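Novice: Show me the folded form of this:
(one chain, ligands or ions: 1)
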Amino acid sequence: MDRAQAAKELERLAKLIAHHDYQYFTLANPEITDEQYDALRRQNQELEAQFPDLRRLDSPSLRIGSPVSSQFDKVKHRKPMLSLDNVFNEREFVDFEKRLKRFIKMPENAEIFMLAEPKIDGLSASLHYQDGQFVLGATRGDGQEGENITANLRTVRDLPLRLLSEEAPKNLEVRGEVYMKITDFEAINEQRRKQNEQVFANPRNAAAGSLRQLDSTITAERPLHFFAYYAQDLEGNIAETQEELLQKLQSWGFVVNPFHKLCKANIEMMRYYQEMENARDTLNYEIDGLVFKVNDLHLQERLGVVGRSPRHSIAFKFAAEQAETIVEDIILQVGRTGVITPVAVLRPVIVGGVTVSRATLHNEEEIRRKDVRIQDSVIVQRAGDVIPQVVRVLTSKRPNDSKVYHFTERCPCCNSLLHQTPGQVAKRCLNGFGCEDQAIQRLIHFVGREALNIDGLGEKHVAKFYALGLVATPADIFSLEERNKASSEPLEKWEGWGKQSAQNLWDAINKVRELSLDKLIYALGIPQVGQTTAKLLAKHFSTFERFLEALLKAHQNNLAVHKELMHIEGIGHGMARDIVDFFEQKHNLQMVESLLKHINVIPYEENNNLLLSGKTVVFTGSLEHISRSEAKAQAEKLGAKVGSAVSSHTTFVVAGKDAGQKLKAANDLGIKILDEEAWQEMVSTAR
Ligand code: IVH
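Specialist: Predicted structure coming up:
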């Protein structure tokens, strides 16, 4: 056989084997015998051995995994991978529906079609197909950027390596959930127990652990599965509705969850929710609720995104599962921000299929309110991946000699006096990096995926560097390489390290010496300041100097700083106080100052390339076709600021019906005025 023939034959085999994989793994309806199937695989393998460079990206031989890689590459998502907002009861669900309708100016009593899908408790993954071939697969990561786990995903049997239909888009991205079946999870744990290995806490962790193997032959041995629920064609539209999209996915060879259902009215949604909650225990995979998605994809587009969640979809969570057990002890944990959390150590009990041996008691007040004591019988519950909780004490079963639990006055780790901010329930250790438990967690947060994202510096390494006195604060990370050079026991000689891996670590550290302002603010680990707030602060202060200058004032006139922070939309009273408090701690300031000697903070930059970047728009009067919030969202998406009053800084005013004062002001100031139609035209040309 010559090269051209071999290439043709390999293509034929890839297609044929893909077809039989689908019949066997997905439809459980094999058309050929195992022997015939093995023969095809062998033919493929032999041909690849003859022509190694002709091995295809969608070759069936890649299903068994490929040799170890040293780390995962980063993959920037074409569109962010968002998360879903949750609701927990009918009232909240109805509120969600109302919000939706208000946003698109739909009458409240009109019905909106929603597609209900089970919310699979697994890990989301993004798959890229080019000309029908699976070419790239990534984890969600921080939503913006994930990790390239293509080799591992190739081993997932019900994920097509090539699409079954020639009509599929040439440039396709599919997203869905990787999960492990409960019976497989149990079998793996059984085996691990026998071999004295640590067991997985739940199927989700087992799936995550399997997917993050650097050696994909290990992943190949773990039975992972995939449900597809989203697709985008980079050149056009795939479908009109979510329901049609799922049909398309299926026709291309993906497995979509069979329990999706189009609901045409609220009553149907509630009924289906009940039905699935009852059916939940009969499924061989974990689901923790239903996802309701606006079925019309054009409406989805219009609804857009708030923060990190789309407006068009919601996770309606199931009620938590419960069980009875005994509190064997109460221990105290020191969190990253110094908050002391009491934890109940439980006699192990199975809750919703998973063994639970600890539950959070939240805080002192909660213990007092529930009067939880050591040796009490309690009801515990767990919901999805939420930490298990103690619901209530069964006081009738309480032993006679039990004693009320008293909360400590001192930090269980560093023994410093605990502090309680008036009005807050939490007790806190303010010792910061001086408290070992906090220091380690703050360092882990600092280098973690969503903060500096230093590859190769995992939790274990941080803990070890800390224990050896090599890294006590963030600044130490950046002087590590220098000190290592002078060390008699350099890192490259440690067990588990070598020249290359040590060099990789220095490279990874050096790469983040240039750091964007929002990342830095987030990485500092200020209580309550997550990524969204960090962005707001970065946007408001634009440079670190300005940010720090404002907060240094916290020492002199903390009210003014507090007020300035509260003026930033999205920052409330409690948050502002936590930010000010953080910088009032001298040791935090010192930590930041020494850190700044090693890094270069890049000022916050807005995307200036959008149609309305740097412009200010004011809406007035009532708009006919869209709600005010949608108009505002449209403007912000195009980079504009939305003003509330007309001034000389206003770029133009969009005037709806019955516009009054603001329209007049705009006329007086000679500011450009658009009507609703002109505005919509501007929005649509910008698409
Ligand atoms: S839609 C906006 N559909 O839930 C995100 N997500 O909190 C679009 N998930 O990261 C996701 N089952 O990992 C969607 N049927 C389903 C899902 C589902 C599970 C997960 C997914 C996502 C998380 C959102």
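
Novice: all strands for the stretch 451-600 of the chain, in order.
Specialist: Counting by DSSP state E, counting those that start in this stretch, the stretch 451-600 of the chain has these strands, from start to end: 514-516, 600-602.

Novice: Which of those sits closest to residue 311?
Specialist: Across the strands of the stretch 451-600 of the chain, residue 311 has its closest neighbour in strand 514-516 (27.1 Å, CB to CB). (C-beta placed from N, C-alpha, C; glycine too.)

Novice: So what touches that closest one?
Specialist: 452, 523, 538, 599, 600, 601, 602, 604 (CB atoms under 8 Å, 6 or more residues apart in numbering).

Novice: Can you tell me which of these is closest to residue 406?
Specialist: When these are compared against residue 406 (criterion: CB to CB), the nearest one is residue 523, at 36.6 Å.

Novice: Quick one: neighbours of that closest one, just the number.
Specialist: Neighbours of residue 523 under the rule other CB atoms under 10 Å: 22.

Novice: What of the one 10 residues further on?
Specialist: By other CB under 10 Å, 21 other residues sit near residue 533.

Novice: picking up where we left off before, which two of the contacts of strand 514-516 have the greatest separation?
Specialist: Most distant of the contacts of strand 514-516, by CB to CB, are 452 and 604, 16.5 Å apart.

Novice: Can you pick out the residue with more neighbours from the two?
Specialist: residue 452 (24 against 20).

Novice: so who does that one touch?
Specialist: 446, 512, 515, 519, 523.

Novice: Quick check: residue 1 touching residue 9?
Specialist: Yes: between residue 1 and residue 9 there is a contact under CB atoms under 8 Å: 6.9 Å.

Novice: more crowded one of those two?
Specialist: Legend: neighbour count by other CB under 10 Å for residue 1 and residue 9, higher for residue 9 (16 against 11).

Novice: The more buried one is in what secondary structure piece?
Specialist: Element membership for residue 9, per DSSP states H and E: helix 3-21.

Novice: related to what we said a few turns ago, give me the buried subset of the contacts of residue 452.
Specialist: 446, 512, 515, 519, 523 (16 or more other CB atoms under 10 Å).

Novice: ok, now how distant is the nearest residue to residue 76 once chain neighbours are set aside from the ligand?
Specialist: Nearest in space to residue 76, with sequence neighbours left out and distances taken as CB to CB, 6 or more residues apart in numbering, is residue 145 at 5.2 Å. According to CB to the nearest ligand atom, to the nearest Å, residue 145 and the ligand sit 15 Å apart.

Novice: show me the contacts for residue 145.
Specialist: 74, 75, 76, 77.

Novice: near the ligand, which residues of the stretch 151-300 of the chain?
Specialist: 177, 229, 291 (CB under 6 Å from any ligand atom).

Novice: Save these as JSON lines, and put in distance to residue 550 and secondary structure too.
Specialist: As requested, these are exported to JSON lines (distance: CB to CB, whole Å; DSSP: H, G, I helix; E, B strand; the rest coil):
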{"residue": "177", "distance to residue 550": "43", "secondary structure": "strand"}
{"residue": "229", "distance to residue 550": "44", "secondary structure": "strand"}
{"residue": "291", "distance to residue 550": "41", "secondary structure": "strand"}
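
Novice: Weed out the non-buried ones from the residues you listed.
Specialist: Buried among these by 16+ other CB under 10 Å: 177, 229, 291.

Novice: got the contact list for the closest residue to residue 251 other than its chain neighbours?
Specialist: Take residue 251 and drop its neighbours on the chain: the residue closest to it by CB to CB, 6+ apart is residue 165, 5.6 Å away. By CB under 8 Å, 6+ apart, the residues touching residue 165 are 251, 252, 253.

Novice: Against the ligand, how distant is residue 165?
Specialist: 22 Å.

Novice: So that residue versus residue 8, what's the distance?
Specialist: 20 Å (CB to CB, to the nearest Å).

Novice: Repeat that for residue 149.
Specialist: 31 Å.

Novice: and if you look at residue 338?
Specialist: 66 Å.

Novice: quick one, which of the two is more surrounded?
Specialist: For residue 338 versus residue 8, neighbours defined as other CB under 10 Å are more numerous around residue 338 (26 against 11).

Novice: element containing residue 618?
Specialist: Here residue 618 is assigned to strand 616-620, by DSSP H and E.

Novice: following that strand, which helix or strand shows up next?
Specialist: Immediately after strand 616-620, counting by DSSP H and E, sits helix 628-637.

Novice: Contacts for that following helix next, please.
Specialist: Against helix 628-637 from outside (CB under 8 Å, 6+ apart): 102-105, 302-304, 306, 610, 612, 617, 619, 623, 626, 642, 654, 679, 683.

Novice: rerun at 10 Å
Specialist: 99, 102-105, 302-306, 311, 610-612, 615-623, 625-627, 640-643, 654, 656, 676, 679-680, 682-684, 686-687 (CB atoms under 10 Å, 6 or more residues apart in numbering).

Novice: Partner strands of the helix or strand just after it, with direction?
Specialist: The element immediately downstream of helix 628-637 (helix or strand, assigned by DSSP H and E) is strand 641-643. Strand pairing for strand 641-643, determined by DSSP bridges: strand 616-620 (parallel).
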